Structures are given as structure tokens and as C-alpha cells.
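**Q** Fold the stuff below for me.
(one chain, ligands or ions: 3)
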Amino acid sequence: MWRGLWTLVTRAAHGPRSPRSCMRQASGAPAPGSGATIFALSSGQGRCGIAVIRTSGPASGHALRSLTAPRDVPPPRSACLRLLSDPRTGEPLDRALVLWFPGPQSFTGEDCAEFHVHGGPAVVSGVLQALGSVPGLRPAEAGEFTRRAFAHGKLSLTEVEGLADLIHAETEAQRRQALRQLDGELGHLCRSWAETLTKALAHVEAYIDFGEDDNLEEGVLERADSEVRELEVALGAHLRDARRGQRLRSGAHVVVAGPPNAGKSSLVNLLSRKPVSIVSPEPGTTRDVLETPVDLAGFPALLSDTAGLREGVGPVEQEGVRRARERLEQADLILAVLDASDLASPYSCNFLDTVVTPAGAQSPNGSSQRLLLVLNKSDLLLPGGPEPSPDVPPHLLLSCLTGEGLDGLLEALRKELAEVCGDPATGPPLLTRARHQHHLQSCLDALGLYKQAKDLALAAEALRVARGHLTRLTGGGGTEEILDLIFRDFCVGK
Ligand SMILES: Nc1nc2c(ncn2[C@@H]2O[C@H](COP(=O)(O)OP(=O)(O)OP(=O)(O)O)[C@@H](O)[C@H]2O)c(=O)[nH]1
Ligand SMILES: [K+]
Ligand SMILES: [Mg+2]
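**A** Ligands and ions are numbered 1, 2, ... in the order given. A predicted model of the protein is given here:
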């Protein structure tokens with residue numbers, strides 16, 4: 001019997017209906033145009049000290065020899081100084097470091113060459129033109145190097161996404177998260193979940209085939225059920241975290257709000273280190289919502305300046321107030337600003353009653369809105385004088401004028417944003433894209449169908465669907481459209 005069950009396990013592992021190679025050949029279909037040798041400038045555009053040009057494909061060795069003739073290719077993976085010249089005219093182009101990476105031990109898995117040339121535009125374009133003249137070479141398309149790496153099983157799809165994010169990472173937290181994804185943490189997790197499903201599927205199929213057989217080990221169906229239950233719990237916990245990973249990728253919405261003249265625009269300018277908003281002693285200066293992307297204590301955020309909240313003003317300002325309130329409802333974090341020297345004014349009291357106090361209270365669905373209360377203009381308080389107001393909820397003192405209290409505010413922001421975005425330094429790998437969330441949710445839905453299934457064939461099918469979503473998350477059986485969408489994010493030369 002055990003031999004029979006083992007066959008089933010391996011059969012399920014490789015897909016009983018459509019046998020598939022178990023090698024880590026990610027996309028099935030080869031990358032478009034593979035076979036050609038591609039080349040591109042891989043360092044950034046523009047004047048720079050050193051520019052890196054690379055090639056990938058079977059003619060890489062030939063290209064390297066053509067530009068460095070009469071010398072031969074250098075030993076693998078070691079940098080050598082060579083005179084580059086145009087193979088058509090023999091005209092010298094640059095003295096450069098060249099590297100030779102014979103496949104499969106290269107980034108793409110193919111033969112690769114790198115030219116580290118002096119970064120002037122004339123040198124770069126000369127070398128690119130010389131490469132273009134070598135037979136079998138053509139310029140790379142956006143993301144084509146990475147796509148080839150993926151096609152040769154060098155990177156999984158989640159690792160590819162990690163790499164794209166790493167290239168675009170603007171803040172510390174984004175960089176850490178992208179690196180973790182590039183390390184394949186999410187991929188490992190998905191593969192271990194898929195393995196659990198494979199086991200459960202093997203148990204169900206064993207029961208379908210040998211149900212009446214006395215030799216079948218006792219309790220196989222119960223085992224499958226409990227494996228599915230455990231997986232449901234793990235997936236559910238991960239999905240609850242989902243919005244956080246996406247916020248880390250695209251930025252948390254931080255809304256600065258308060259009564260007129262509290263210093264909201266001053267605070268926005270201070271945090272973004274540039275004059276985004278007009279500051280003036282006139283109340284009602286800011287009318288529209290002004291958004292600016294900022295790095296707040298290492299986290300990416302979209303900071304919104306809003307109109308001072310007050311009633312009984314003209315129609316334009318009233319519209320500004322309406323927009324401010326609308327924005328407050330969508331905030332991941334509210335930065336509530338009051339004038340520390342003006343806490344007893346009707347505007348301040350009204351703001352405390354209508355925005356600050358309700359945010360602290362739990363809403364009917366159990367969640368409360370995150371809010372940091374900042375008492376600005378602390379420089380106007382008498383030194384050594386009494387607390388501004390003992391009745392005011394927990395707050396931070398700040399002076400946008402002198403900068404005093406800014407460090408404390410940034411530390412408080414770091415803590416809040418680590419909650420809002422998830423802290424990539426600790427915690428489980430985050431789901432940074434809607435695509436991840438979609439596949440995990442669909443997997444969970446399929447597990448729901450498994451539990452409701454009235455017959456075993458349907459139950460097994462539900463498990464196969466569930467497993468398919470996990471495989472697609474890391475790029476197995478991926479469709480071309482998804483690949484196109486992901487690789488579109490890359491620049492040429494990556
Ligand atoms: N003394 C002092 N004055 C400040 C401070 N921060 C802002 N101000 C002044 O307060 C006034 C209002 O500042 P804004 O930043 O325009 O205030 P606001 O909340 O954006 O105002 P509205 O957009 O009109 O609602 C300006 O004259 C600022 O120079 C501070 O920390 N100390
Ligand atoms: K103002
Ligand atoms: Mg303003």
C-alpha cells in the first residue's frame with residue numbers, strides 16, 4: 001500500500017492531470033526573442049564616472065573578442081583592463097574593465113559580458129554602436145535581462161518583483177522590504193504552503209482510489225482536513241497584513257489637519273524639507289488639498305496639507321474644508337496640529353471635539369484611526385510655565401519656527417508608520433502587490449469550496465485550484481500577460 005500512496009504523492013506533486021516538469025523552469029514559455037544576444041547600458045543614463053554596458057546571449061563571447069581584439073576573453077568572473085576598439089574601423093574607443101560570465105553561472109543564466117567604461121556620453125554611445133555592429137547582437141528591451149534570468153529559473157516571480165522594487169526603492173524601509181523579497185522569502189513561504197496542499201491532495205486522492213481498501217492507512221481524510229485548516233489560518237493571518245505591504249510600496253497617506261493658522265503648512269514644509277505650501281499669518285491660506293511624497297523617518301508617505309477646519313466662511317474656503325474632511329476619512333495616519341498658545345479658542349476646542357477625540361475612540365467595526373496630536377508654536381509658551389493644558393489628550397510639543405521637538409515627532413512617526421506599513425526589519429514577509437493578495441485570497445476561497453464539497457472529486461479539484469494560485473504567485477504556470485505587466489516596470493538594461 002505504501003508504494004501505492006507514494007506514487008500518488010509524487011503524482012500529485014507533479015500535477016496528476018497535466019504532468020509538468022518539477023524543475024524550477026519558471027514560465028514554461030521562453031522569453032520572447034531569446035536566442036538573440038542583447039546589449040544595453042545598465043547603469044543610469046547621463047554623465048557619470050563609470051558606465052556599465054552588458055550583453056547576454058550566445059554571441060556575448062564573440063562580442064567581447066570583437067571589441068578587445070587581438071586579446072582573447074579574460075578568465076571567467078575577473079575584471080581585466082582592455083583597450084576597446086570599434087571592430088569595423090579599428091578606431092580606439094576607451095580603455096575599460098571587461099568581465100566575462102560564461103553561462104549558466106551568470107545573472108541571466110546565459111553567456112554574459114560586461115564593459116565598465118568611462119561614463120562620458122561619447123564613449124557610451126561609441127561602445128553601444130560598436131556592439132550593435134556585431135552580428136547577432138541587438139539592443140535589449142525594458143526588463144529583458146531580468147526576464148531571461150526568470151526564464152532560466154535564476155529568479156522566481158516574487159524575486160523579480162523584489163528586484164523591480166529594489167531599483168525603485170526610495171526609502172530605507174522600501175529597500176529593506178525589496179531585499180527581503182529578492183531573497184525569496186515570500187516565494188519560500190508560498191512553496192511550503194503549496195507543499196502542504198500537495199500532501200492534502202495526495203491523501204484525498206488516495207482515499208478516492210483506495211477508499212474501500214482495508215490497507216489504506218486510517219484517518220487520511222481527517223489528516224487532509226486538518227492540513228487545510230492550518231493553512232487557512234496561516235493564509236488568513238497573512239491577508240490581514242496585506243494592506244501594509246502595499247502601503248510600504250506606494251506610501252502611507254498621512255493627512256495634516258487642524259484649525260486655521262495652527263501651522264499645518266509650516267509643518268508640511270518642515271517635514272518635506274521644501275516650500276510645498278504657502279505659509280502666511282492670514283487664517284484660511286490653504287484652500288485645496290496639497291499632496292507631496294516624502295520620506296518620513298525611513299518610510300514612504302504621501303503627505304497632504306489641508307484647509308484649516310472652520311465653519312461660516314465663504315464658498316471657496318467652505319469647499320476646501322469639505323475636501324479636508326473627505327481626506328481625513330481616507331487617512332492612514334492623521335497629524336493633528338493645534339496652536340499650543342491658542343488651545344482655548346473655539347476653533348481649537350471644536351477640532352479637539354470633532355476630530356481628535358473621535359479618532360481615539362473605537363469605531364463600530366473595532367478599528368480606531370491612527371492620530372498623532374502635535375501642539376505647535378511651543379516657542380510662544382512661557383519658558384518653565386505650566387503645561388499648555390492638562391485636559392488635552394496625549395500630545396507632542398513642537399515649534400516649526402525653531403525646529404524644537406522635531407526629533408521627537410519623527411520618532412513618533414516612525415513608530416506609527418511601522419504599524420501602518422509593517423516593519424520590514426521584523427515581522428513576516430509582506431504582500432507588497434495587489435497580485436499577491438489576489439492569489440492568496442483566491443487560494444483561501446478555493447479552500448472554502450473544499451470544505452463545502454459534497455463529493456471527494458470536487459474536494460480534490462478545489463485543492464488543485466487552491467494550489468494553482470500559490471504556484472502562480474511565484475510565477476509557475478504564469479501567463480504571458482502577467483509577465484508582461486511585471487517586466488514593464490523595469491528599465492532597459494535590467
Ligand atoms: N511662533 C511661531 N509661529 C509659527 C510656527 N509655525 C507656524 N507659525 C506661523 O503661524 C502662521 C500660520 O502658519 P501656516 O503654516 O500658514 O498655518 P496653517 O495652519 O497652514 O494655516 P491655514 O492654511 O491658513 O489654515 C504663520 O505666520 C507662521 O509663520 C511656530 O512654530 N512658532
Ligand atoms: K495661514
Ligand atoms: Mg496652510
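**Q** how about the residues of this structure that lie near ligand 1?
**A** Within the chain, the positions lying close to ligand 1 (C-beta under 6 Å from any ligand atom) are 260-266, 279-281, 283-286, 308, 376-377, 379-380, 399-401. C-beta coordinates here come from the backbone N, C-alpha and C atoms, glycine included.
**Q** Got a quick ChimeraX command for the buried subset of those residues?
**A** Selection command for ChimeraX covering only the buried members of these, criterion 16 or more other C-beta atoms under 10 Å:
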select :260,261,262,263,264,265,266,279,284,285,286,308,376,377,379,399,400
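**Q** Let's see which of the residues of the chain next to ligand 1 end up in strands.
**A** Asn376 (DSSP state E).
**Q** Please list which of the residues of the chain next to ligand 1 also come close to ligand 2.
**A** With respect to ligand 2, and counting by C-beta under 5 Å from the ion, the subset of the residues of the chain next to ligand 1 in contact is Asn261, Ser280, Thr285.
**Q** just the helices in the stretch 251-400 of the chain please.
**A** Here the stretch 251-400 of the chain has its helices, by DSSP state H, counting those that start in this stretch, at 264-272, 315-329, 346-351, 357-360.
**Q** Let me see the mean pLDDT of the second one.
**A** It stands for helix 315-329. Average pLDDT, helix 315-329: 91.
**Q** what comes up buried for it?
**A** So helix 315-329, judged by 16+ other C-beta under 10 Å, has buried residues Glu317, Gly320, Val321, Arg323, Ala324, Arg327, Leu328.
**Q** what does the third one give?
**A** Buried positions in helix 346-351, judged by neighbour count with 16+ other C-beta under 10 Å: Tyr347, Ser348, Phe351.
**Q** now the residues you listed as CSV including pLDDT?
**A** Below are these laid out as CSV (pLDDT from 0 to 100):
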residue, pLDDT
Tyr347, 94
Ser348, 94
Phe351, 95
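**Q** other SSEs contacting the host helix or strand of Asp445?
**A** Using DSSP states H and E, Asp445 maps to helix 434-452. Helices and strands touching helix 434-452, by 3 or more C-beta pairs under 8 Å, 6 or more residues apart in numbering; DSSP states H and E, are helix 220-240, helix 242-250, helix 456-473.
**Q** just checking, Leu473 touches Cys190?
**A** Yes. Under the criterion of C-beta atoms under 8 Å, Leu473 makes contact with Cys190 at 5.1 Å.
**Q** Now list whatever residues contact both of the two.
**A** Thr158 (C-beta atoms under 8 Å, 6 or more residues apart in numbering).
**Q** So what's the gap between the strand ranked longest in the chain and the chain middle?
**A** Identified as the longest strand of the chain according to DSSP E is strand 92-101. Distance, stretch centre to chain centre, for strand 92-101: 35 Å (C-alpha atoms, centre = their mean, to the nearest Å).
**Q** Can you give the contact residues for it?
**A** Applying C-beta under 8 Å, 6+ apart, the set of residues contacting strand 92-101 is 60-61, 64, 67-68, 73-86, 107, 111-118, 123, 126-127, 130.
**Q** Leu335 is nearest to which of the helices and strands packed on helix 434-452?
**A** Closest to Leu335 of those, according to C-beta to C-beta: helix 242-250, at 16.0 Å.
**Q** Also compute the angle for that closest one relative to helix 434-452, please.
**A** 170 degrees (axes from the mean of the first three to the mean of the last three C-alpha atoms, to 10 degrees).
**Q** what number of residues lie near Val52?
**A** If you count neighbours by other C-beta atoms under 10 Å, Val52 ends up with 20.
**Q** wait, Glu411
**A** 12.
**Q** Ligand 1 versus that one, what's the distance?
**A** According to C-beta to the nearest ligand atom, to the nearest Å, Glu411 stands 19 Å off from ligand 1.
**Q** do Ala252 as well
**A** 21 Å.
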